[in-house]
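Q: I need the structure of the sequence given here:
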Amino acid sequence: MENNRNNVTEFVLLGLSSNRNMQRFCFGLFLSCCIAILLGNFFILITVSGIPLFKQPIYFFLFHLSFMDICYTSTVTPRLVQDLLSEKKAISFDDCIMQLFDMHFFGSIEVFILEGMAYDRYVVISKPLSYMIIMNQQRCNTMVAIYWGAGFLHSMTQLLLAISLPFCGPNEIDHYFFDVYPLLDLACTDTHLIGSLISVDSSAFVQVEQGLRAGM
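A: Here you go, the predicted structure:
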């Protein structure tokens, strides 16, 4: 993804700390947490997919939630752990954009699935006699498909806003992962409009959540 207005081809993530001892401590901590999260979610995937109750909505959503959690964790944490022990913490512009898209894509789908699980519990409590009719397999599949579509639109919007920014000066990001807001401080242009569009997109994301919940 090239932009002829850009003089910056890579960014430097400053991370959590410049202290080497703290970096080693954070490396062990985050690596342990990453492994625990991945193993825990893999265990959930294997367990849920192997039981007869898999087609029940709560387990169906739990399966997809664990899968999204694995994808989301794999987007940011490996790079964070790697940079903690690396002398050079540079990341290319294309890799930054890919991380931005993946993080918002998997993260937003995860939020939507949590909304779906909350709605499932609402139905089973408030309408127990109609539960199996309301939360049938077709509706669950449709809900997950809508979540994926909404997540794609949200992350694509964030990506397009990011690649529209010109960068011609500093390339150090005081953060441990790549996101849109830290980029606004580095862009060599007035970012007021872009910042407003990001806020509108985030607000629309919340409205979509509420609309999906109200329309179910």
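Q: from here on, contacts and neighbour counts on C-alpha atoms
A: OK.
Q: What is the burial count for residue 119?
A: 18 (other C-alpha atoms under 10 Å).
Q: What degree of burial does residue 125 show, as a neighbour count?
A: Using other C-alpha under 10 Å: residue 125 sits among 11 other residues.
Q: Please identify the buried residues of the helix or strand hosting it?
A: For residue 125, the element it lies in under DSSP states H and E is helix 93-126. Using 16 or more other C-alpha atoms under 10 Å as the test for burial, helix 93-126 gives 93, 96-97, 99-117, 119-121, 123.
Q: next one: stretch 165-173
A: Buried-residue list, stretch 165-173, by 16+ other C-alpha under 10 Å: 165-167, 171-173.
Q: got it, and stretch 184-200?
A: 184, 186-187, 194, 198.
Q: Out of the buried residues of stretch 165-173, which is nearest to residue 82?
A: residue 173 (16.4 Å; C-alpha to C-alpha).
Q: before we move on, the earlier item: can you lay out the buried residues of stretch 165-173 as a markdown table showing secondary structure, distance to residue 78 and pLDDT?
A: Output for those, formatted as a markdown table (DSSP: H, G, I helix; E, B strand; the rest coil; distance: C-alpha to C-alpha, whole Å; pLDDT from 0 to 100):
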| residue | secondary structure | distance to residue 78 | pLDDT |
| --- | --- | --- | --- |
| 165 | coil | 26 | 77 |
| 166 | coil | 28 | 76 |
| 167 | coil | 26 | 76 |
| 171 | coil | 21 | 77 |
| 172 | strand | 20 | 77 |
| 173 | strand | 18 | 77 |
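Q: Can you tell me which of the residues you listed comes closest to residue 141?
A: Once C-alpha to C-alpha is applied, the member of the buried residues of stretch 165-173 that ends up nearest residue 141 is residue 165, at 37.2 Å.
Q: from memory that closest one sits against residue 186, does it?
A: No. In terms of C-alpha atoms under 8 Å, residue 165 does not count as a neighbour of residue 186; the distance is 9.1 Å.
Q: which regions of the protein lie under the pLDDT threshold?
A: 1-8, 15, 169, 201-216 (pLDDT under 70).
Q: Quick one: the strands in it, in order.
A: Using DSSP state E, the strands assigned to the chain run over residues 10-13, 90-92, 172-173.
Q: so who does the residue nearest in space to the middle of the chain touch?
A: Centroid check for the chain by C-alpha atoms, centre = their mean gives residue 107 as the closest residue, at 2.5 Å. Neighbour list for residue 107: 68-69, 72 [criterion: C-alpha atoms under 8 Å, 6 or more residues apart in numbering].
Q: still on that earlier bit, which among the buried residues of stretch 165-173 gets closest to residue 13?
A: residue 173 (5.0 Å).
Q: ok, for that closest one, nearest residue in space, not its chain neighbours?
A: Distance criterion C-alpha to C-alpha, 6 or more residues apart in numbering; nearest residue to residue 173, sequence neighbours excluded, is residue 13 at 5.0 Å.
Q: Relative to residue 86, how far out is that neighbour?
A: Distance from residue 13 to residue 86, counting by C-alpha to C-alpha, to the nearest Å: 11 Å.
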